[in-house]
Structure formats: C-alpha cells, structure tokens
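Student: Sequence first, predicted model second:
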Amino acid sequence: MTQNVTLTREQIRRAPKVVLHDHLDGGLRPATVVELAAAVGHELPTTDAAALGEWFREQADSGSLVRYLETFEHTVGVMQTADALRRVAREYVEDLVADGVVYAEVRWAPEQHLRAGLTLDETVAAVQEGLEEGMEAAEGTVLVGQLLTAMRHADRALEIAELTIAWRDRGVVGFDIAGAEDGFPPALHREAFDLLRENNVRFTIHAGEAHGLPSIAQALHTCGADRLGHGVRIVDDITVHDDGTATLGRLASYVRDKRIPLEVAPASNVQTAAAPSLAEHQIDLLTRLGFRVTLNTDNRLMSNTSMTDEMTALVETFGYDLEVLAWFTVNAMRSAFVDYDTRVELIEEVIVPGYESLDVEVDADADVDVDA
Ligand SMILES: O=c1[nH]cnc2c1ncn2[C@@H]1O[C@H](CO)[C@@H](O)[C@H]1O
Ligand SMILES: [Zn+2]
C-alpha cells in the first residue's frame with residue numbers, strides 16, 4: 001500500500017487521469033463566458049469573471065437537478081457560433097492537459113447550439129476542429145473523443161443518433177442522453193437506442209441521478225446502455241448491515257457482476273442532492289464492493305472542480321491512496337468508447353507507468369498493482 005500522508009495535490013495533478021463524463025457546456029472558463037457574452041450581447045448575472053465563476057457554483061448548489069441545469073442557459077447561450085464552439089473546445093483541451101488528463105470523452109448536445117443558424121453537422125465540425133487544435137498543441141499527450149448528447153425532454157434523439165453514426169470515424173465515439181431525469185425515462189428515446197445498437201455504436205445514459213432503480217433498470221434492459229451516467233442510486237438496491245457487510249439485490253448484483261461502468265461525479269452529486277454529502281457519498285460503498293467505479297467531473301464550471309480536485313477530495317475524505325486512484329483510472333480507460341487497441345496502449349504505456357513513477361516518489365517500497 002502507498003502512503004497517502006505524503007501524497008500531495010501536485011502529485012495528484014501529475015497522475016495520469018481519464019474522464020468519461022464531462023460536459024463541454026459545463027466546463028467553460030468564466031473569463032471566456034464573459035468575453036463571448038460581450039461579443040454576442042448575451043446578458044449575464046455579472047460580467048466580473050471571478051464573481052461569475054462563484055455565481056455558477058452557488059446557483060448550481062441548489063439541491064435540485066432541474067435548478068442546477070438552469071445555469072446552463074448562460075453557457076449554451078454564448079456557444080452558438082462556430083467560432084465560439086471551436087474556442088470553447090480548444091480551451092477545454094488545454095484545461096484537461098493542465099489537470100493531468102490523458103484521455104477524455106466530452107459530451108454536449110448539438111441540438112442546443114442551433115439558435116444562430118448553424119446546422120447540427122456544423123456544430124459537430126466546429127467542436128471537432130477545436131478539439132483537434134487543442135490536441136495538436138498538446139503534442140499527443142491527450143486524446144479526446146466526443147459523445148453526442150440528446151436532451152431527454154426534447155424529441156431529437158433519433159437525429160442525434162444519426163449524427164453520431166455519421167461522425168463515428170471522425171472524432172465521435174458515442175452517444176448520451178441528459179437533462180431532467182425525473183419524468184423523462186430513457187425508454188422515451190428507444191428508437192434512437194435501437195438504431196445505435198443496430199449500428200454497433202456504444203452509448204451511455206444519465207440514470208440513477210435524480211431518479212432511482214427503475215431508471216437504471218430501463219437504461220440497461222430496455223435501452224441497452226453500455227455505461228451509466230452517475231448511477232449512484234444503485235445503492236437503493238444494497239443493504240448495509242451493522243457489521244459493515246452488504247447484501248446486494250438483483251439489480252445491484254447485475255450491475256456489479258456485469259461490470260457496468262458507473263460514471264460517478266462526487267461534487268456534482270452533492271450539488272444536485274443525488275448524494276447527501278461528500279463524506280456520505282455512495283462512491284465509497286461502491287468502491288469497497290468492487291463495482292466498476294470511474295471518477296468524473298461532470299461540470300467543472302458549475303462545481304468549480306477538476307479531476308485533480310475530485311481526487312484530492314477523495315484522498316482527504318476517505319483516505320484513498322494512489323492504488324485506488326490508479327484503479328479508478330484504469331476502470332475508466334477500460335470502459336472508454338475508443339477502440340480496444342488504443343485503450344490497452346494507454347493503460348500499458350501511459351497510465352500504469354505514470355502511477356508507478358509517482359508511487360516510487362511517494363513510497364519507494366511500494367508496488368502499484370493495477371492489474372492492467
Ligand atoms: O449531471 C447532469 N445530469 C443531467 N443532465 C446534465 C448534467 N450535466 C449537464 N447536463 C445537461 O446536459 C446538457 C448537454 O451537455 C447540458 O446543457 C445540461 O443541460
Ligand atoms: Zn452529466
């Protein structure tokens with residue numbers, strides 16, 4: 001075991017990281033929101049970048065997913081031109097690199113970016129250009145794929161599924177549905193999921209965040225999701241006994257046995273009240289029980305977070321060591337939608353050596369056992 005007493009934030013920052021659940025329109029720099037808003041005449045609650053960053057975090061701290069989502073009006077509102085989308089995507093990659101991320105899947109909803117006349121296809125092209133500019137500037141140290149999101153309260157999922165298929169060899173690696181979960185079950189978009197499965201495209205579904213077990217069951221069984229966005233309410237199907245042992249219900253067993261990846265985002269879950277607090281967050285039970293847990297940021301702007309912050313908070317709250325951080329990272333890389341060869345290469349050549357070299361720094365006698 002490694003000695004987390006000496007694991008510093010800077011070491012955590014340098015650890016290779018993988019993020020599977022991160023919204024492009026939830027990760028803008030506050031200063032960029034201010035500049036883009038001025039250019040298009042979008043009215044913001046404040047035009048001071050620091051105050052605006054604080055405003056997003058406070059508003060998102062609402063205890064309700066629906067109110068949390070209202071804050072996106074001010075990011076989506078300034079991301080309506082090809083130039084704005086390209087810039088946001090490029091800066092997104094720069095910020096990932098600074099955070100030590102080596103592989104990311106960035107999700108966003110093309111249908112929300114048509115107000116100034118762009119077509120769906122043009123929005124995806126603009127984001128892809130920005131991502132490629134960012135990746136080139138990073139000289140191959142980070143790989144980013146797009147996940148195209150359809151909004152669950154709207155009716156464009158089939159079109160977005162078609163768009164995903166059209167872009168699958170040009171930077172898009174999968175599909176997602178997002179938005180208010182309560183009242184909008186995933187099966188509403190069954191046609192889209194059927195089309196994706198017929199075309200062998202993988203997808204994730206936000207489920208088990210604002211709604212519980214029925215939403216998770218439907219996402220998996222009716223829709224065929226490969227991963228669960230959040231999925232933390234799976235704990236409703238787990239009974240923890242006084243001696244610390246746990247009994248899993250059928251659905252929880254299915255999720256664990258089938259190694260369904262859970263895209264867990266602790267800071268976001270606390271803000272939307274999907275988790276009562278960080279100390280009581282479901283991630284610790286799910287990690288102890290060996291679910292395929294991955295760690296994610298969800299919305300870096302709304303939660304004022306980063307992968308480094310999320311990892312640091314877990315180290316401080318639960319005493320996790322480098323081995324657990326490496327486990328989250330390998331879990332995520334194994335669950336990524338990019339092709340298998342790329343996943344193996346990143347695990348063997350970047351992630352494992354990265355954690356091993358940090359481990360030597362932290363504790364010269366330790367081994368990192370990440371079972372690649
Ligand atoms: O955690 C979440 N749960 C559900 N929907 C979300 C979450 N975070 C962001 N979005 C929604 O996804 C859209 C596309 O990126 C965002 O505009 C926001 O409305
Ligand atoms: Zn999300």
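Tutor: Noted; the coordinates are in hand. Ligands and ions are numbered 1, 2, ... in the order given.
Student: Quick one: the helices in the stretch 1-150 of the chain, in order.
Tutor: 9-14, 30-40, 49-60, 65-70, 73-76, 82-98, 120-137 (DSSP state H, counting those that start in this stretch).
Student: Close to ligand 1: what parts of the chain are there?
Tutor: Residues of the chain found near ligand 1 (C-beta under 6 Å from any ligand atom) are 23, 25-26, 65, 69, 72, 76, 107-109, 112, 149, 178-179, 206, 209, 268, 298-299. For the C-beta atoms, the positions are set from N, CA and C on the backbone; glycine is no exception.
Student: 5 Å instead, please
Tutor: Residues of the chain lying near ligand 1 by C-beta under 5 Å from any ligand atom: 23, 25, 69, 72, 108, 109, 149, 178, 206.
Student: Which among the residues you listed count as buried?
Tutor: Buried subset of these (neighbour count, 16 or more other C-beta atoms under 10 Å): 23, 25, 69, 72, 108, 109, 149, 178, 206.
Student: Adding pLDDT, write the residues you listed out as CSV.
Tutor: Output for these, formatted as CSV (pLDDT from 0 to 100):
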residue, pLDDT
23, 98
25, 98
69, 95
72, 98
108, 98
109, 98
149, 98
178, 97
206, 97
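Student: Among the residues you listed, which lie within strands?
Tutor: 23, 108, 149, 178, 206 (DSSP state E).
Student: Surely residue 25 is in contact with residue 111?
Tutor: No: Residue 25 is beyond contact range of residue 111, at 11.9 Å (criterion: C-beta atoms under 8 Å).
Student: The ones in strands among the buried ones among the residues of the chain next to ligand 1: which two are farthest apart?
Tutor: Greatest spacing in those, by C-beta to C-beta: 108 and 206 (13.3 Å).
Student: Quick check: of the residues of the chain next to ligand 1, which lies closest to residue 85?
Tutor: residue 108 (8.7 Å).
Student: Which residue is the nearest non-sequential neighbour of the closest one?
Tutor: Counting by C-beta to C-beta, 6 or more residues apart in numbering, residue 24 is the residue found nearest to residue 108 once chain neighbours are left out, at 3.8 Å.
Student: Then residue 151?
Tutor: In space, and not counting its chain neighbours, residue 151 is closest to residue 179: 4.5 Å by C-beta to C-beta, 6+ apart.
Student: For this protein, which residues score under the pLDDT cut-off?
Tutor: For the chain, applying pLDDT under 70 flags the ranges 1-5, 363-372.
Student: so where do the strands sit in it?
Tutor: Ranges of strands within the chain are 17-23, 101-108, 143-151, 172-178, 203-207, 227-230, 238-240, 246-248, 262-264, 293-295, based on DSSP E.
Student: and the fourth one, what other elements does it pack with?
Tutor: This means strand 172-178. When contacts are defined as 3 or more C-beta pairs under 8 Å, 6 or more residues apart in numbering; DSSP states H and E, strand 172-178 packs onto strand 101-108, strand 143-151, helix 157-166, strand 203-207.
Student: one more time with 6 Å
Tutor: strand 143-151, strand 203-207 (3 or more C-beta pairs under 6 Å, 6 or more residues apart in numbering; DSSP states H and E).
Student: gap between the residue nearest to residue 361 when sequence neighbours are not counted and residue 327?
Tutor: Using C-beta to C-beta, 6+ apart and skipping the chain neighbours, the partner closest in space to residue 361 is residue 11 (6.6 Å). The spacing between residue 11 and residue 327, counted by C-beta to C-beta, to the nearest Å, is 17 Å.
Student: more crowded one of those two?
Tutor: Legend: neighbour count by other C-beta atoms under 10 Å for residue 11 and residue 327, higher for residue 327 (23 against 18).
Student: Tell me who's in contact with that one.
Tutor: Residue 327 makes no contacts at all, as judged by C-beta atoms under 6 Å, 6 or more residues apart in numbering.
Student: One more: residue 19?
Tutor: 101, 104, 296, 297, 307.
Student: switch to 10 Å and redo it
Tutor: Listed by C-beta atoms under 10 Å, 6 or more residues apart in numbering, the contact partners of residue 19 are 27, 96, 99, 101-106, 144, 263, 265, 294-298, 300, 306-307, 310, 329, 332, 336.
Student: Which residue comes closest to it once chain neighbours are left out?
Tutor: Nearest one to residue 19, counting by C-beta to C-beta, 6+ apart, is residue 104 at 4.8 Å.
Student: Residue 267 now?
Tutor: residue 303 (4.0 Å).
Student: And stretch 207-214, end to end?
Tutor: 9 Å (C-alpha to C-alpha, to the nearest Å).
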